[in-house]
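[1] Pasting the sequence and the predicted coordinates here, then a few questions.
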Amino acid sequence: RKEVEQDPGPFNVPEGATVAFNCTYSNSASQSFFWYRQDCRKEPKLLMSVYSSGNEDGRFTAQLNRASQYISLLIRDSKLSDSATYLCVVNGNFGNEKLTFGTGTRLTIIP
Amino acid sequence: DAGVTQSPTHLIKTRGQHVTLRCSPISGHKSVSWYQQVLGQGPQFIFQYYEKEERGRGNFPDRFSARQFPNYSSELNVNALLLGDSALYLCASSPVGGDSTNFNSPLHFGNGTRLTVT
């Protein structure tokens, strides 16, 4: 089993739609959780951290379920500029010495 | 403020050669990590250095080595290059590197070095 598993994608959704990504992780001792966004041939950039209570940043909502070892990302009112690969990221070690990335889910927003 | 800077941006090498990739962290950051991202996959952890000491190592062969300098910049070295080493090599810096009070401090990545081995 992979340490971090994501929906395989690709997701092709119309502009304005709501899209949800899911991710599961295998290490129950994982301490921190993130969603990163990566544009084609660019470096990953932090989209948002994920907290146990859930958190929202504008059109983006992240949820964490520690009991089920499940993370989600919801994007509302999707924009063309949201087209990218979304990486689920988990840290299971002390501090942030090693991040474990999922393979990423590619999202394309269709006009 | 300058972000994480990496050099070179692109590199083409042949099998069996050696390569050195360089990284300068964000000013004030003492931790540097290296990741390899093969096409279609997420980044894979290679090394982490904090205060010039190796603090973590991923599942990579001994052909991969790294070091951190007194100014906290870092080099990643790969010997005896294989075709499978072709990837985007990402450097990330963090102000922490073992501080248990900062679990949610994210990593900041550089633009990466795209290595092609032919």
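    Done, it's in. Residues are numbered from 1 along each chain as shown, chains lettered A, B, ... in the order given.
[2] Closest approach to chain A from chain B, which residue is it?
    Closest residue of chain B to chain A, Cβ to the nearest Cβ: B:Gly42 (3.2 Å). The C-beta positions use only the backbone N, C-alpha and C, and glycine is treated the same way.
[3] The residue positioned nearest the centre of chain B: what's it in contact with?
    Among the residues of chain B, the one closest to the centroid is B:Trp34, at 2.4 Å (Cα atoms, centre = their mean). Shown in contact with B:Trp34 (Cβ atoms under 8 Å, 6 or more residues apart in numbering or on different chains): B:21, B:23, B:45-48, B:66, B:74, B:76, B:89-92.
[4] Same list as before, the residues you listed that is, but in a markdown table and with neighbour count, secondary structure and distance to B:His108 included.
    What follows is the contacts of B:Trp34, written out as a markdown table (neighbours: other Cβ atoms under 10 Å in any protein chain shown; DSSP: H, G, I helix; E, B strand; the rest coil; distance: Cβ to Cβ, whole Å):
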| residue | neighbour count | secondary structure | distance to B:His108 |
| --- | --- | --- | --- |
| B:Leu21 | 21 | strand | 17 |
| B:Cys23 | 27 | strand | 11 |
| B:Phe45 | 21 | strand | 16 |
| B:Ile46 | 23 | strand | 17 |
| B:Phe47 | 24 | strand | 17 |
| B:Gln48 | 30 | strand | 14 |
| B:Ala66 | 22 | strand | 18 |
| B:Ser74 | 25 | strand | 14 |
| B:Leu76 | 23 | strand | 17 |
| B:Tyr89 | 23 | strand | 16 |
| B:Leu90 | 25 | strand | 11 |
| B:Cys91 | 32 | strand | 10 |
| B:Ala92 | 26 | strand | 6 |
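[5] ok, and which of those residues reach chain A?
    B:45, B:48, B:90 (Cβ under 8 Å from any Cβ of the partner chain).
[6] what is the residue in chain A positioned nearest to chain B paired to in the beta sheet?
    Relative to chain B, the nearest point of chain A is A:Phe101 (3.2 Å; Cβ to the nearest Cβ). Counting by DSSP bridges, A:Phe101 is bridged to A:Val89.
[7] So which elements touch the one helix or strand in chain A whose mean pLDDT sits lowest?
    Taking mean pLDDT, DSSP states H and E as the measure, chain A has strand A:99-101 as its least confident helix or strand, at a mean of 91. Judged by 3 or more Cβ pairs under 8 Å, 6 or more residues apart in numbering or on different chains; DSSP states H and E, strand A:99-101 is in contact with strand A:84-91, strand B:44-50.
[8] could those be laid out in a markdown table, adding distance to B:His10?
    Shown next, in a markdown table, are those (distance: least, Cβ to Cβ, whole Å):
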| stretch | distance to B:His10 |
| --- | --- |
| strand A:84-91 | 20 |
| strand B:44-50 | 19 |
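[9] now the strands for chain B?
    All strands of chain B, identified by DSSP state E, fall at B:5-7, B:10-13, B:19-24, B:31-37, B:44-50, B:53-57, B:64-68, B:74-78, B:87-94, B:108-109, B:113-117.
[10] Kindly report the same for chain A.
    Using DSSP E, the strands of chain A run over A:4-6, A:11-14, A:19-25, A:32-38, A:45-50, A:55-57, A:60-65, A:70-75, A:84-91, A:99-101, A:105-110.
[11] Distance to B:Asp62 and mean neighbour count for these - can I get that in TSV?
    Output for the strands of chain A, formatted as TSV (distance: least, Cβ to Cβ, whole Å; neighbours: other Cβ atoms under 10 Å in any protein chain shown):
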stretch	distance to B:Asp62	mean neighbour count
strand A:4-6	26	20
strand A:11-14	40	14
strand A:19-25	29	19
strand A:32-38	29	22
strand A:45-50	32	18
strand A:55-57	41	12
strand A:60-65	37	18
strand A:70-75	34	19
strand A:84-91	25	24
strand A:99-101	22	24
strand A:105-110	34	17
